[in-house]
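Q: Need coordinates for the below:
(2 chains)
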Amino acid sequence: MAQEVLIQVKDLLTQFRLDDGLLTAVNGISFEIHKGETLGIVGESGCGKSVTALSLLNLIEPPGKVAGGEILCDGVNVLKMNKRELRSFRGNQIAMVFQEPMTSLNPVFTVGNQIDEVIRIHNRVSSHEARERTIELLRLVNIPLPEQRYGEYPHQLSGGMRQRVMIAMALACNPKLLICDEPTTALDVTVQAQVLKLINKLKRQMDMAIMLITHDLAVISSIADRVIIMYAGQIVEEAIEREIFTNPLHPYTEALLKSIPSLSKNTEELYMIKGMVPNLLQRHEGCLFAPRCEYAREICRSVEPSSCLVGNTKVLCHKYMDDWEVAP
Amino acid sequence: MSNLLEISNLKKWFPVSSRSLWGKPAYVRAVDDVSFVVKEGETMGIVGESGCGKSTLGRTILKLLQPTSGSVHFDGEDITSFSNSRMRAVRRNMQIMFQDPYASLDPRMTIANIIAEPMDTMKTVQNSEQRLDHIVELLEVCGINKAFLNRYPHEFSGGQRQRIGIARALSVMPKLIVCDEPVSALDVSIQSQIINLLVDLQRRFNLTLVFISHDLGVVEYISDRVGVMYLGKIVEIASKRELFAHPTHPYTKALLLSIPEIGSRKFEDETPILEGDIPSPINPPSGCPFHTRCPEVMPDCSQIVPELKEVGEGHLVSCIRH
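A: As a prediction, the model looks like this:
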């Protein structure tokens, strides 16, 4: 596969200044998105996956702030763009589909109207041309009777249909990267299957890269090419899909995979990760996962691990560092 | 094992305003002619997509909703027409646990009072000392530090709140607990803690569970038998092993095919597994409710209402092909 880099993220640091302290939601992460690939980002709630996506679009609002790092798209730093540049960057380069299809659509405008708006902001076209293009987009995302749906309001559509409208809207300017933030979490399994198939089809047809954010490992395994596992604002493991699921290296990834009840495995007792996610308002020493990790040693609680390469997997864990065997 | 719960031809229709003043009254058929039995000590899983009536079914079983018709037998008694005051005694043996750990606990009560509320209303404890002992015991059983006794729900995380919900349901030592999506609001690592706790408590106290969920993986893990619901009806019911090894109803098959699984690239080709959305329960399709989306549909399907028929031992399917 051609590994042409589309977006490069370097040491991204996103913090929120809250009443009770400074919360580090994304803690200095670096990764790349390649052209035409599906990158999956997995993690539990509060691990910083959605904040990462919003940071990519420079959409973090106060009290939040991107406090450090760079996001490079074709050599330009997104975080340094002015308002006008950002406007053409969002939509044309990166577009985003949000989790809640009902709250992301405006209930007082027809869906056609809302997609037209996007097209007309980014291109100089007549209202007639915009309408044609919108209907074409609705057809692309498999909405039956697009001419009729064009004039309907969001409440007249089902959840799956609304999510398709959101995808159509995101596709309006042929973005190079489509970020889907939990696109199927609010949907039923059979509808989820339809949307996932649609995402796969669109990726191939339009030659886009997809960044799929979800907490559902099974969804990621079904459609991602490469996977990033996040925990408490850090990337703990990054590898191609097969590697992550057949040979997980980080203890957190391993524990996550063991704790899902799945149709194929039949275990006596489900594996449990003890304890809870750390409070990100507090300062921590050592590895953030150490209090819950079954391999943790003294060194894990005192020294912060650094990222290392094992085969083709990038992993953030002392276990794979040189000093593990001699460590106390 | 004896049957703890028997429901037959249970219906719950909700009236909705009809389009015209003289029009026929319209109903949402949330639960439409459902029958099954649950044996003592077993876990009955109910799966289905949103709007299929699984939560309404759970509430109708407990008579938190009065059934439109049909009957509910609990522990040998027909409780369908019990008055509220007679139900109070029965509810000592049937409790519920809810999906949303944030909405199901009163924010102005301490967790000690939340857990003790069922004991207080049913007067199962004599004095405050006994009450406190019992609360502490429940907290320990459910894995919450007893030092947190006088804290309020907002101080707890989702998983801990769900533990409080379990402790509350357990406080009167019921025989049956209806679990309405108890883990769907939780993260994977917390979800497995709660499932293991439920399984452990069930063994310890010989509880009977009706476990309602949309997550087939969880249901398969925890249940002995599973019923699949679609548009208010049970379309297939069988032992867990049988259902997942030999799904027979086209809807069950489609459901199993739609679940993403680790290591399977299910969504590569373009043909959808099931097309369309669930029809409105106000105007359900004639004949078989699934015929509008069924990949194996026959002309007769829109005419004949299929009944649950036995196709194997304890394996019932409602499809005219079988």
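
Q: Contacts only, for the residue nearest to the spatial centre of chain A.
A: Per Cα atoms, centre = their mean, the C-alpha nearest to the average position across chain A is that of residue A:213, at 2.9 Å. With contacts defined as Cβ atoms under 8 Å, 6 or more residues apart in numbering or on different chains, residue A:213 is in contact with A:40, A:41, A:49, A:50, A:52, A:53, A:179, A:180, A:181, A:182. For glycine as for every other residue, the C-beta is placed from the backbone atoms N, C-alpha and C.

Q: What is the burial count for the third one?
A: I take that to be residue A:49. Here the count is done by other Cβ atoms under 10 Å in any protein chain shown, and residue A:49 has 24 residues near it.

Q: and the gap between it and residue B:66?
A: In this structure, residue A:49 lies at 45 Å from residue B:66, with Cβ to Cβ, to the nearest Å as the measure.

Q: now do the first one
A: Applying Cβ to Cβ, one obtains 47 Å for the distance of residue A:40 from residue B:66.

Q: More neighbours: those two, which one.
A: For residue A:40 versus residue B:66, the count of surrounding residues by other Cβ under 10 Å is larger for residue A:40: 26 against 10.

Q: Sticking with that one, tell me its helix or strand.
A: When secondary structure is defined by DSSP states H and E, residue A:40 falls within strand A:38-42.

Q: Dihedrals phi and psi, residue 302?
A: I went with chain A, as the question did not name one. In terms of degrees, to the nearest 10, the main-chain angles of residue A:302 are phi -110, psi -30.

Q: what about the nearest residue to it once chain neighbours are set aside, how many neighbours?
A: The spatial neighbour of residue A:302 that comes closest, neighbours along the chain excluded (Cβ to Cβ, 6 or more residues apart in numbering or on different chains), is residue A:286 at 5.0 Å. Other residues within reach of residue A:286 by the criterion other Cβ under 10 Å amount to 17.

Q: Secondary structure of residue A:286: a helix, I assume?
A: No. Applying DSSP: H, G, I helix; E, B strand; the rest coil, one finds residue A:286 to be coil, outside a helix.

Q: For chain B, see how far away it is.
A: Between residue A:286 and chain B the computed distance is 20 Å (Cβ to the nearest Cβ, to the nearest Å).

Q: Just the pLDDT for that residue.
A: We have a pLDDT of 88 for residue A:286.

Q: Enumerate every residue touching it.
A: Applying Cβ under 8 Å, 6+ apart to residue A:286 gives the contacts A:299, A:300, A:301, A:302, A:303, A:304, A:305.

Q: low pLDDT regions in chain A?
A: Chain A contains residues with pLDDT under 70 at A:1-2, A:262-268, A:326-328.

Q: And the helices in it?
A: With DSSP state H applied, chain A shows helices at A:49-56, A:83-92, A:101-104, A:111-122, A:127-140, A:146-150, A:159-171, A:189-206, A:217-223, A:241-246, A:251-259, A:298-302, listed in chain order.

Q: And the stretch 151-300 of chain B, by the same measure?
A: B:158-170, B:188-205, B:216-222, B:240-245, B:250-258 (DSSP state H, counting those that start in this stretch).

Q: quick one: buried residues of stretch A:242-250?
A: Using 16 or more other Cβ atoms under 10 Å in any protein chain shown as the burial criterion, the residues of stretch A:242-250 that qualify are A:243, A:244, A:245, A:248, A:249, A:250.

Q: Save those residues as TSV, and put in distance to residue B:124 too.
A: Putting these into TSV (distance: Cβ to Cβ, whole Å) gives the following:
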residue	distance to residue B:124
A:243	55
A:244	50
A:245	49
A:248	48
A:249	52
A:250	48
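
Q: out of those, what pair is the most spread apart?
A: Using Cβ to Cβ, the pair of these lying farthest apart is A:245 and A:250, separated by 12.8 Å.

Q: returning to what we had before: can you flag the buried ones in the contacts of residue A:286?
A: The neighbour-count test (16+ other Cβ under 10 Å) marks A:299, A:300, A:303, A:305 as buried among the contacts of residue A:286.

Q: Residue A:317 is in contact with the first one, correct?
A: No. Under the criterion of Cβ atoms under 8 Å, residue A:299 lies out of contact with residue A:317, with a separation of 11.0 Å.

Q: Flag the shaky bits of the stretch 51-200 of chain B, pLDDT-wise.
A: In the predicted model, the stretch 51-200 of chain B carries no residue with pLDDT under 70.

Q: how about the residues of it that lie near chain A?
A: Residues of the stretch 51-200 of chain B lying close to chain A by Cβ under 8 Å from any Cβ of the partner chain are B:157, B:159, B:187, B:188, B:189, B:190, B:191, B:192, B:193, B:195, B:196, B:199.

Q: Quick one: the strands in the stretch 1-150 of chain B, in order.
A: Remark: strands of the stretch 1-150 of chain B, listed N- to C-terminal, are B:3-16, B:26-39, B:43-47, B:69-74, B:77-78, B:94-97; assignment by DSSP state E, counting those that start in this stretch.

Q: so which of those strands gets nearest residue A:276?
A: Proximity of these to residue A:276 was assessed by Cβ to Cβ; the nearest stretch is strand B:94-97, lying at 20.6 Å.

Q: Tell me the helices and strands packed up against the closest one.
A: Strand B:94-97 sits against helix B:54-61, helix B:158-170, strand B:176-180, with contacts defined as 3 or more Cβ pairs under 8 Å, 6 or more residues apart in numbering or on different chains; DSSP states H and E.

Q: Could you count how many residues lie near residue A:84?
A: 8.

Q: how close does it sit to residue B:183?
A: As judged by Cβ to Cβ, residue A:84 and residue B:183 stand 47 Å apart.

Q: same question, residue B:74
A: 25 Å.

Q: And for stretch B:275-289, what's in contact with it?
A: A:158, A:160-161, A:188, A:191, A:194, B:16, B:26-30, B:32, B:49, B:51-53, B:230-233, B:291-294, B:300-306, B:318-320.

Q: and if you look at stretch B:133-142?
A: Outside stretch B:133-142, the residues that touch it by Cβ under 8 Å, 6+ apart are B:112, B:115-116, B:119, B:125, B:145-146, B:148-149, B:163-164, B:166-167, B:170-171, B:197, B:201, B:204.

Q: ok now do the nearest residue to residue A:203 once chain neighbours are set aside, which residues does it touch?
A: The shortest distance from residue A:203 to any non-neighbouring residue, by Cβ to Cβ, 6+ apart, is to residue A:210 (5.3 Å). For residue A:210, the set of contacting residues under the criterion of Cβ under 8 Å, 6+ apart consists of A:37, A:38, A:39, A:177, A:178, A:179, A:180, A:199, A:203.

Q: before we move on, the earlier item: turn the helices and strands packed on strand B:94-97 into TSV, columns for distance to residue B:41.
A: Output for the helices and strands packed on strand B:94-97, formatted as TSV (distance: least, Cβ to Cβ, whole Å):
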stretch	distance to residue B:41
helix B:54-61	17
helix B:158-170	15
strand B:176-180	10
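
Q: could those be laid out in JSON lines, adding mean neighbour count?
A: Output for these, formatted as JSON lines (neighbours: other Cβ atoms under 10 Å in any protein chain shown):
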{"stretch": "helix B:54-61", "mean neighbour count": "23"}
{"stretch": "helix B:158-170", "mean neighbour count": "24"}
{"stretch": "strand B:176-180", "mean neighbour count": "25"}
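
Q: Any idea which of the ones you listed gets closest to residue B:101?
A: Using Cβ to Cβ as the criterion, the shortest distance between residue B:101 and the helices and strands packed on strand B:94-97 is 3.6 Å, found for helix B:158-170.

Q: And that closest one, what does it pack against?
A: Secondary-structure packing of helix B:158-170 (3+ Cβ pairs under 8 Å, 6+ apart): strand B:94-97, helix B:111-122, helix B:128-141, helix B:188-205.

Q: partner strands of the strand holding residue A:40, parallel or antiparallel?
A: Strand pairing for strand A:38-42, determined by DSSP bridges: strand A:209-214 (parallel), strand A:226-231 (parallel).

Q: May I have the first one as CSV, with CA atoms only?
A: This means strand A:209-214. Once side chains and other backbone atoms are set aside, the C-alpha atoms of strand A:209-214 remain, and they are given as CSV (Å, rounded to 0.1, in the frame of the first residue of the first chain):
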residue,chain,number,x,y,z
ALA,A,209,-9.0,8.5,4.0
ILE,A,210,-11.4,7.6,6.9
MET,A,211,-10.6,8.2,10.5
LEU,A,212,-13.1,6.2,12.5
ILE,A,213,-13.5,6.9,16.2
THR,A,214,-15.3,4.4,18.3
